[in-house]
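Trainee: The following block contains a protein sequence and its predicted model.
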Amino acid sequence: MLKPPYTQYDQLYVYNFDRIDLGIVDDPDLIGTWIEDDTSILFFHKEKQSLIESICRQSGAQIIYEANLNYQDWEAGLDITTFSVPPLIVAPLWEVNQLTATTENIPIHLDPSVIFGSGFHPTTRLCLQVITDILTSNSDEIQSLVDLGTGTGLLSLGAAKLGVQQIRAYDNNPFACAVAEKNVRINSCEKQINVLETDLRGALPDTSVDLVVANLYKGLLLDFFQNPDFWHARYYIISGFIPSMEEELLAALPMNQLKLLERRKSETWRLWLLANASV
Ligand SMILES: C[S@@+](CC[C@H](N)C(=O)[O-])C[C@H]1O[C@@H](n2cnc3c(N)ncnc32)[C@H](O)[C@@H]1O
């Protein structure tokens, strides 16, 4: 994530090691470390060849791949800039000075880092739109929320800024959790949002809340759908799938207790808003 003297992301230097036990990497140019399966991926603002060689020497690790790309390429060619999902206005940290808060404009300051959830992926944007729609029309109904796979924490932040008081935000990526925690802090939402590092495969959290948001991948959604303990919430926003997956996902829904309130699409991505008739 961004630490002084850095105020934005420009070039990314990415090193993927074949293990996770690299020892402590304390470097001023380190953006963060992803742990993925049994490998670690280190992101830096600068080229770090000699540091990488020293890490390999000391830990016995080897490099699987390395890459140098600019931030825009990491973000699928998009320029990460301020955008609005009324009444929310989301600004990356390097643009917050241009924000003016008004009663119609509720600002969110975001360090998107290299974590999913900048707001520029169609699924994130769809979820944020539906969250704002629900909370601006039925705000009293939604007091608690679970965000499954929070990434940068943006969806939880949107809900918190619109008044949801109790939010649990889960992710299995420790770096995502660190970025989400930072974003919670800089938006002063610590009393409302609790970020929890949890692998949701086999560890489903308590879903007895008003709204569950799950922008995830098909395999994990299917696991959830087939677990009766997933279905304790009043409403569900489900996204992260494309039309070719819809039939299989629909077939896994316990439709005897659910009502499909809305289907939305953006580019090739889909979202469902479900209501639970049994709650
Ligand atoms: C598609 S991203 C969505 C991020 C954010 N909620 C958004 O809408 O932009 C999915 C997130 O789920 C997390 N994730 C994937 N598998 C997970 C698992 N087994 N347990 C917990 N989190 C997981 C990823 O690390 C990632 O941050």
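Mentor: That came in fine, so what should we check first?
Trainee: Quick check: residues of the stretch 1-150 of the chain near the ligand?
Mentor: Residues of the stretch 1-150 of the chain lying close to the ligand by CB under 6 Å from any ligand atom are 116-117, 123-124, 127, 149-150. Quick note: C-beta positions are derived from backbone N, CA and C, even for glycine.
Trainee: Which members of those are the farthest-apart pair?
Mentor: For these, the farthest-apart pair by CB to CB is Thr123 and Thr150; their separation is 13.3 Å.
Trainee: re the thing from before, most neighbours among the residues of the stretch 1-150 of the chain next to the ligand, which one?
Mentor: Highest neighbour count within these, by other CB atoms under 10 Å: Thr150, with 31 neighbours.
Trainee: How about the secondary structure of the spatially closest residue to that residue that is not a sequence neighbour?
Mentor: The shortest distance from Thr150 to any non-neighbouring residue, by CB to CB, 6 or more residues apart in numbering, is to Ala169 (3.8 Å). Here Ala169 is recorded as strand under DSSP: H, G, I helix; E, B strand; the rest coil.
Trainee: Tell me if I'm right that Ala169 and Ile193 touch.
Mentor: Yes. Contact status for Ala169 versus Ile193: in contact at 5.7 Å, counting by CB atoms under 8 Å.
Trainee: what sits in contact with each of those two?
Mentor: Taking CB atoms under 8 Å, 6 or more residues apart in numbering as the criterion, Ala169 and Ile193 both touch 153, 156, 184.
Trainee: related to what we said a few turns ago, compare Ala169 and Ile193 and say which is more crowded by neighbours.
Mentor: Ala169 (30 against 26).
Trainee: Bridged to that one, which residues?
Mentor: Asp147, Val195 (DSSP bridges).
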